[in-house]
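*Asks:* would you be able to build a 3D model of this:
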Amino acid sequence: MRGSLELAARSEPPAQAHERAVRIYEEACDQLERAYLESELESSDAPSRAGPWRSDERRDVLGSGSVDAKLAAWQRFDAARPYVKFAVVRREGAGLEVRVGRLDVSHVDIAGGRVLSAGLLQSTVKRGKTLVVAVENTSGGYRPRPLRNRTTLAALAALGYLPSSAGELTVYDNPSGYYDHSRLAAR
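*Replies:* Got it, this is the predicted structure:
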């Protein structure tokens with residue numbers, strides 16, 4: 001790749017060479033992300049709850065008709081920890097689904113099976129719409145960074161839960177993925 005960039009820099013005007021280099025870099029990043037999402041890098045820890053996954057009073061899925069009220073209630077439950085747990089899973093067919101739950105529910109039970117990314121999120125309501133304003137991956141390190149946060153953000157964006165301004169969203173990088181390194185859930 002470096003050789004093709006140097007050749008491009010010698011044969012094109014600087015602005016075009018820069019634009020070409022950026023396109024090559026973006027394409028490489030897109031290929032890496034696609035390979036990452038298509039990989040089998042998923043947590044396969046079995047949930048403790050038997051049977052098929054269902055929404056209930058302790059867990060739900062973003063986009064359902066009941067989830068926004070639950071998010072607000074779960075975040076009010078413990079004023080010192082105003083966030084919920086999430087798990088990003090593959091939907092049957094195609095796409096990603098974000099399942100959420102109270103802090104006292106394990107990530108594997110929120111997920112109900114194989115999970116791509118898991119962690120903590122905080123939401124707020126703006127102009128009648130629930131939006132995620134903070135997110136942190138705390139999935140025990142089984143999905144290498146930084147793409148695990150991109151996986152989560154892509155799923156949230158597809159569901160319409162991200163604010164329109166990037167300045168309204170805080171993404172915490174937890175390099176290890178473990179709670180003892182959490183910035184959102186600092187102890």
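*Asks:* pretty sure residue 119 is in a strand, no?
*Replies:* Yes. Under DSSP: H, G, I helix; E, B strand; the rest coil, residue 119 sits within a strand.
*Asks:* domains in this structure, by residue range?
*Replies:* In the domain annotation for the chain, the residue ranges read 2-38, 59-181 (automatic domain parsing).
*Asks:* give me the most central residue, this structure.
*Replies:* Compute the mean C-alpha point of the chain, and by Cα atoms, centre = their mean the closest residue is residue 152, 1.4 Å away.
*Asks:* around the residue nearest to residue 152 when sequence neighbours are not counted, how many other residues sit close by?
*Replies:* Leaving out its chain neighbours, the residue that sits closest to residue 152 by Cβ to Cβ, 6 or more residues apart in numbering is residue 117, at 4.8 Å. No exception for glycine: its C-beta is placed from N, CA and C like everyone else's. Other residues lying near residue 117 total 31 when counted by other Cβ atoms under 10 Å.
*Asks:* quick one: contacts for residue 117?
*Replies:* 87-88, 137, 139, 143, 148-149, 151-152, 155 (Cβ atoms under 8 Å, 6 or more residues apart in numbering).
*Asks:* ok, so of the residues you listed, who is nearest residue 128?
*Replies:* residue 155 (22.2 Å; Cβ to Cβ).
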